[in-house]
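[1] below: sequence and its predicted model.
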Amino acid sequence: MAEVVLEGVSKRFKENVAVDDLSLTISDGEFVVLLGPTGVGKTTTLRLIAGLEQVDGGKVLIGGEDATHAEPAERDTAFVFQQYSLYPHLTVYDNLAFPLRSPLRGLAEAEIRRRVSEVASMLRIDDKLSNPATRLSGGQMQRVAIGRALVRRPNIYLMDEPLSSLDAKLRSDLRLELKRIQNDMGATILYVTHDQIEAMTMASRIGVMDAGKLVQIGTPREIYENPLSTYVAARLGQPAINLLPRALLGDLPVPPGTATIGARTEHVRLTKANGAPRGIAGTINWIEHLGDHNHLHVAVGDADIVTLADPDSGLGVGDLVSIEFARPLFFGASGMRISG
Amino acid sequence: MNGNRTAYSVVEPSHITKRIAGSIVVAYAMLTLIPLVWIVLTAIKSPPDSISYPPKVIPWVHFEPTIEGFCNLFTTRSRQTPEYLATLPPARGICESQARAKNMVVVSESKYIPRFLNSVIIAFGSTALAVFLGTLAAYGFSRFRVPLKDDLLFFILSTRMMPPIAVAIPIYLMYRELGLQDTRIGMILLYTSVNVSLAVWLLKGFIDEIPREYEEAAMIDGYTRLQAFRKVVLPQAATGIAATAIFCMIFAWNEYAFAVLLTSGDAQTAPPFIPIIIGEGGQDWPAVAAGTTLFLIPILVFTVLLRKHLLRGITFGAVRK
């Protein structure tokens, strides 16, 4: 495992800037998650580190050495692709053994066998080793793809939405498994996703990307609690953070320059208004029952505020409520955070 | 639901539809097989039986099968006086006996076997070369940014737009100057140049179908691009390569016009040689038919051997990507 550093890396495809002057240090043993919607350059960043794309500017340092122009094989990274990319003409065993059989490594077949069976039992695919790679379920294929990375001890594991094509149950199982493996091995991982649960639960640090730039990086807590902009704030939170125009909220005290107020669903406090409501008033117009908790949709003027509520809160559709914000976030007209 | 969903048919054909389709296939197969059957039958007739009218169709009923055609194919014979024949020791071998019965002796082996071997060498050689070059070129066109890629591909295809025989005279003159006339290497190069354009286009289609991620995965797994090509792309392109090889093989094996023009001796292939047999003492149709029958076998074997790949070629694209 090694430290990987990107220094002012840029990449463009014809007119499109995919990665724009991006600097990022992934420390040895760190699990960094890149978060952002489709098309902001997350995958390109991984491919630049792997050497599948050449940078247009900047440097890629792997383990302290300049790998900017090194061949993919020389960089010794492992990549888990979104679409599995198992070698279809090989069995599961041969897929897992493939990286170990590289002439670069020159491992003995006995050592290869040992490592493959170790990883296969860790991922619980040891009974599938003689299957053709194409005769597996989606979840099994993905585990083989992850296994093909794990048989090696590369400088860094690069994972491109490895769990996105799996069903919810399997995704959460594999998520836990990956985190456990990372803890056990002390692996350096750069992981791309747009699933916030994956980001929150696995990451040591989350990097949020927008239009090829890294707009904020920090621990999951920092990103969640102290977003630097509405863009970052909107990346995390399910349902998404309430972003409300200043004008809607009448006499709420706010720092000067505030244009938007952000309130996470769990920070919105509702009290049933008896008679005239205090502060901000709203009407509950819809309740989503999720079992362990409810989402209440509250109409305030023409905006819709979503809150988290206890199923036993006693609030019902049509109720008039007064609204308070526990920890509001203030954003200026540009969308940047204003401390206050 | 990740089962073997196929890309072509959603509705299972009914029993009757299958029957009708089956009968059409059988009828068509019979129609196309008649000339082949006739050639094989002619090969085992005697020369008079082969031209009798009404035709004799069923062996052992209408005519007595004989290997005379094959004997005549493989030997040259000369007519002798009965007096001379009487001085000879008894005939050895079936062909010699058959010749003696017609007051002839076997003089030598015919050129059929060397011509046949020429065909084998030239067809396999040019097929291997065309497929080898075609695969590399197709991979390059499929994966790399090649300047003027579309124009180059069109240029490659355009070499097939006129009938090859249109350039026969220039090629003849060129080959005479270069000393390639009537050489195997000359014929291999010629058939390769005709086939390579077909090979590039066919194989590019197949290689385009193979997702790049496989090579990328292999390169990250510690292989060079060439190693990744060999270990990952080639096995998956096997279907396409087999199909392309069959097309190239059939062309090179059956080609007649250039072979007549450019070969006459050492490098002559079987197609121009077979009809020459007719001229040697009467219309020896059984010998021609025997030569043709034997000539069909290699291509049949080649196709059957690669059949598995051809069938997989049809279902290409039904695999999950």
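    Happy to help now that I have it.
[2] need the contact list for residue 72.
    Assuming you mean chain A. Listed by C-beta atoms under 8 Å, 6 or more residues apart in numbering or on different chains, the contact set of A:Pro72 reads A:50-52, B:216, B:219-220. No exception for glycine: its C-beta is placed from N, CA and C like everyone else's.
[3] to clarify, I was referring to chain B.
    Contacts for B:Asn72 (C-beta under 8 Å, 6+ apart) come out as B:277, B:284, B:286-287, B:290.
[4] rewinding a little: would TSV of the contacts of A:Pro72 with neighbour count and secondary structure be doable?
    Output for the contacts of A:Pro72, formatted as TSV (neighbours: other C-beta atoms under 10 Å in any protein chain shown; DSSP: H, G, I helix; E, B strand; the rest coil):
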residue	neighbour count	secondary structure
A:Ala50	23	helix
A:Gly51	24	coil
A:Leu52	22	coil
B:Glu216	21	helix
B:Met219	24	helix
B:Ile220	29	helix
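[5] and the furthest pair within the residues you listed?
    Among the contacts of A:Pro72, the pair separated by the greatest distance (C-beta to C-beta) is A:Gly51 and B:Glu216, at 9.6 Å.
[6] ok, back up a step: least confident of the contacts of B:Asn72?
    Here the lowest pLDDT out of the contacts of B:Asn72 sits on B:Ile277, with 81.
[7] correct me, but that residue touches B:Trp285?
    No. If you go by C-beta atoms under 8 Å, B:Ile277 and B:Trp285 don't touch, sitting 9.3 Å apart.
[8] more neighbours, these two?
    B:Ile277 (24 against 19; other C-beta atoms under 10 Å in any protein chain shown).
[9] now the more buried one. Nearest residue, chain neighbours left out?
    Excluding its sequence neighbours, the residue lying closest to B:Ile277 (C-beta to C-beta, 6 or more residues apart in numbering or on different chains) is B:Ala287, at 4.8 Å.
[10] OK, contacts around that neighbour?
    Contacts of B:Ala287 by C-beta under 8 Å, 6+ apart are B:69-70, B:72-73, B:277.
[11] so what's B:Leu310 up against?
    By C-beta under 8 Å, 6+ apart, the residues touching B:Leu310 are B:239, B:242-243, B:246, B:303.
[12] with pLDDT and distance to B:Glu64 as extra columns, can I get those in TSV?
    TSV is the format used below for the contacts of B:Leu310 (pLDDT from 0 to 100; distance: C-beta to C-beta, whole Å):
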residue	pLDDT	distance to B:Glu64
B:Thr239	86	47
B:Ala242	90	42
B:Ala243	89	43
B:Ile246	90	38
B:Thr303	85	33
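[13] out of those, list just those in helices.
    B:239, B:242-243, B:246, B:303 (DSSP state H).
[14] of these, list those near chain A.
    For chain A, no contacts are drawn from these by C-beta under 8 Å from any C-beta of the partner chain.
[15] pick the one among these closest to chain A.
    The nearest member of these to chain A, counting by C-beta to the nearest C-beta, is B:Thr239 at 10.5 Å.
[16] the closest one - how many residues pack around it?
    Applying other C-beta under 10 Å, I find that B:Thr239 has 21 neighbouring residues.
[17] what do you get for the one 10 residues further on?
    Close neighbours of B:Met249, defined as other C-beta under 10 Å, add up to 24.
[18] can you tell me how far the nearest residue to it once chain neighbours are set aside is from A:Lys179?
    Distances taken as C-beta to C-beta, 6+ apart put B:Thr127 closest to B:Met249, at 4.6 Å, once the chain neighbours are dropped. Look at B:Thr127 and A:Lys179: by C-beta to C-beta, to the nearest Å, they are 55 Å apart.
[19] what about the two, which has more around it?
    The residue with more neighbours, out of B:Thr127 and A:Lys179, is B:Thr127; 26 against 16, by other C-beta under 10 Å.
[20] and the strands in the stretch 51-200 of chain B?
    Along the stretch 51-200 of chain B, counting by DSSP state E, counting those that start in this stretch, strands occupy B:75-79, B:104-109.
[21] between those, which one is nearest to chain A?
    Nearest to chain A, of all these, is strand B:104-109, at 46.7 Å by C-beta to the nearest C-beta.
[22] what's the model's confidence in that closest one, averaged?
    Rounded mean pLDDT across strand B:104-109 is 88.
[23] starting at the chain centroid, how far to that strand?
    Remark: strand B:104-109 is offset 31 Å from the chain centroid, using C-alpha atoms, centre = their mean, to the nearest Å.
[24] for the stretch 151-300 of chain A, which residues are neighbours of chain B?
    Near chain B, when you scan the stretch 151-300 of chain A using C-beta under 8 Å from any C-beta, you find A:Arg152.
[25] run through the stretch 151-300 of chain A and note the low-pLDDT ranges.
    Within the stretch 151-300 of chain A, the stretches with pLDDT under 70 are A:275-278.
[26] what segments of it are helices?
    A:168-185, A:196-202, A:220-225, A:230-235 (DSSP state H, counting those that start in this stretch).
[27] show me chain B divided up by domain.
    Domain ranges of chain B: B:64-110, B:113-314, per automatic domain parsing.
[28] buried set for stretch A:127-135?
    A:128-129, A:131, A:133-134 (16 or more other C-beta atoms under 10 Å in any protein chain shown).
[29] could you pull up the mean pLDDT of that stretch?
    For stretch A:127-135, mean pLDDT rounds to 88.
[30] how far away is the closest residue to chain B within chain A from A:Ile112?
    Here chain A gets closest to chain B at one residue, A:Ser102, 3.0 Å apart by C-beta to the nearest C-beta. Distance, A:Ser102 to A:Ile112, by C-beta to C-beta: 11 Å.
[31] return every residue with contacts to both of those two.
    By C-beta under 8 Å, 6+ apart, no residue touches both A:Ser102 and A:Ile112.
[32] save the contacts of A:Pro72 as CSV, and put in distance to B:Ala252 and pLDDT too.
    Putting the contacts of A:Pro72 into CSV (distance: C-beta to C-beta, whole Å; pLDDT from 0 to 100) gives the following:
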residue, distance to B:Ala252, pLDDT
A:Ala50, 43, 94
A:Gly51, 42, 93
A:Leu52, 40, 92
B:Glu216, 36, 91
B:Met219, 36, 93
B:Ile220, 40, 93
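[33] so which of the residues you listed is the closest to B:Tyr175?
    Nearest to B:Tyr175 among the contacts of A:Pro72, with distances taken as C-beta to C-beta, is B:Met219, at 43.5 Å.
[34] who touches the helix or strand B:Pro48 falls within?
    Here B:Pro48, judged by DSSP states H and E, is contained in helix B:47-50. Residues outside helix B:47-50 that contact it (C-beta under 8 Å, 6+ apart): B:42, B:56, B:63-64, B:68, B:282-286, B:289.
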